[in-house]
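Chemist: Model the structure of this input:
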Amino acid sequence: MKKSNMLDRREATKNSSSAKTTAGSVYRTETGKIKRLPWLIRFRSGMKKLGVLLPLYLLLSGCLAPPIIPSDAELQKISTLLIVPVEAPPLEIIPDPIYDRIPAYRHFNNMSLSLPPLPEKVYRNKAGVVIAGRVGPDDSFQEIKRDTPNASSLTSLGSIEQTWMPTLVLAQQAVSQLNKSKTNAILSDRFCRLPITNDNHTAHLKDWHDALSDWYGLNQATVDYRQLGTNSVDAIIEVAIGNYRVFETQTSLQVFIKLINPKTGQVLARSREHDFVVGNEALSLFNHDSEPFKQLITDMGTGLLLDGFQEIGLLKKSS
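Modeler: Below you'll find the model as predicted:
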C-alpha cells in the first residue's frame, strides 16, 4: 500500500474560510458559482495506520484476484487503446435516505415498532444518480431494471442517456490522461455489462460485489471485442468501480482497470485502487442536483485511475 496522503483536520479547519483550499469536492452556490469544499479529509491507501477503519476497508474489499503487471515488451506493442466503461453498481447510502424522506420510519424503528416493510429497489434520483435502497409509496423515483437477458454483453451508451454512470465519466478521464501521455486513446460508444443475470440484478449489493469479483478474476474478456471491428486497436481498457458507497460521513470508491488483447480476449494486466474521504453528512452531497457528489466521485476516480495506470506501466510515475 502507498503512504497515507491524509489532509490534516486542523489544516482543513484553519483554511475553511478560503475558497482556494482544497481536498475534494465542489458545490454550486445559489448564485451559480462553484466553490471548493474544504471539509474533506482524504485517505489514499494508507489504512494500515487507521486501526478502526482498516477492518471496514478489508470487509468491503473482500478477496479479489491479485494484480497482473504486463512485461515491457507487451507494453511497447501498444499505441492505440479503446477505453470501455463497465456497468457500474448502484450507489449504497447508509443510512438509507428513506429515513429523511419519510421520518416516521426512523421514528418507529427507534421505538422498536413496526411499519409496513418498504421494498428495496434500484432507482434513479432526479440528477440521474442510480441508488440501491428503499422506496416509499409516494416516491417519484424511476425504478431501474436491466433491459438485456445476457449475463455479459456490450450495450450502447445511448441507452443510458438519462443516467449518470460514474464508469463512463472515469472512462472519459482515462482517455484524457492517456492522450496527454502521447498514447492514442479512444472512448467506446458501448459499455460492458457485468456477468450478472436478471434474476439477481437487484438492490442486494452482495450480488453486485460477487459479479464484480467474478469479472475482475477472469483472465479472459467476458465479451468478444472482435465484434467491434477493433483491427486498428492494439488493446482494450475496461474501467469498473466497486465499494461505491456513502457511509454517513465517509465516501468510498474502488477503481478497477483491465488491459485486454482485443484479438484473443486475454487479460494482459489488471489493477485495483481504493480511496475514501471523510466529510459532511451524506445527504448534503446530493444538494444542487447531486453536483457535489458527482464531482467528488470524479475527483477520487481520476486520482485512482492515475495510480492504476502507473501500476501497470501505461503511465510513468512522477518523480
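Chemist: Any regions of the stretch 151-300 of the chain where pLDDT drops low?
Modeler: 151-152, 197-201, 280 (pLDDT under 70).
Chemist: just the helices in it please.
Modeler: Taking DSSP state H, counting those that start in this stretch, the helices of the stretch 151-300 of the chain run over residues 166-180, 205-217, 287-312.
Chemist: Need the ones you listed in a markdown table (columns: distance to Tyr225 and mean neighbour count).
Modeler: (Each C-beta comes from the backbone N, C-alpha and C, glycine too.) Below are the helices of the stretch 151-300 of the chain laid out as a markdown table (distance: least, CB to CB, whole Å; neighbours: other CB atoms under 10 Å):
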| stretch | distance to Tyr225 | mean neighbour count |
| --- | --- | --- |
| helix 166-180 | 15 | 20 |
| helix 205-217 | 15 | 19 |
| helix 287-312 | 18 | 21 |
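Chemist: Out of those helices, the one nearest Arg146 is which?
Modeler: Closest to Arg146 of the helices of the stretch 151-300 of the chain, according to CB to CB: helix 205-217, at 11.6 Å.
Chemist: C-alpha coordinates for the closest one, CSV please?
Modeler: C-alpha atoms of helix 205-217 as CSV (Å, rounded to 0.1, in the frame of the first residue of the first chain):
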residue,chain,number,x,y,z
LEU,A,205,-25.4,-5.3,-3.3
LYS,A,206,-23.7,-8.6,-2.5
ASP,A,207,-24.9,-9.7,-5.9
TRP,A,208,-23.1,-6.8,-7.5
HIS,A,209,-20.0,-7.4,-5.4
ASP,A,210,-19.9,-11.0,-6.4
ALA,A,211,-20.4,-10.2,-10.1
LEU,A,212,-17.6,-7.6,-10.0
SER,A,213,-15.3,-10.0,-8.2
ASP,A,214,-16.0,-12.7,-10.8
TRP,A,215,-15.4,-10.2,-13.7
TYR,A,216,-12.1,-9.0,-12.2
GLY,A,217,-10.8,-12.5,-11.5
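Chemist: Now for Ile236: which residues touch it?
Modeler: Leu81, Leu82, Val84, Ala221, Tyr225, Thr230, Leu259, Ile260, Asn261, Pro262 (CB atoms under 8 Å, 6 or more residues apart in numbering).
Chemist: By neighbour count, which of these wins?
Modeler: Sorting the contacts of Ile236 by how many neighbours each has (other CB atoms under 10 Å) puts Val84 first, at 27 neighbours.
Chemist: what residues does stretch 64-80 touch?
Modeler: With CB under 8 Å, 6+ apart, stretch 64-80 has contacts from 183-186, 213, 216-217, 232-235, 259, 267-272, 311-314.
Chemist: Which members of the contacts of Ile236 occur in strands, if any?
Modeler: Counting by DSSP state E, the contacts of Ile236 place Leu81, Leu82, Val84, Leu259, Ile260 in strands.
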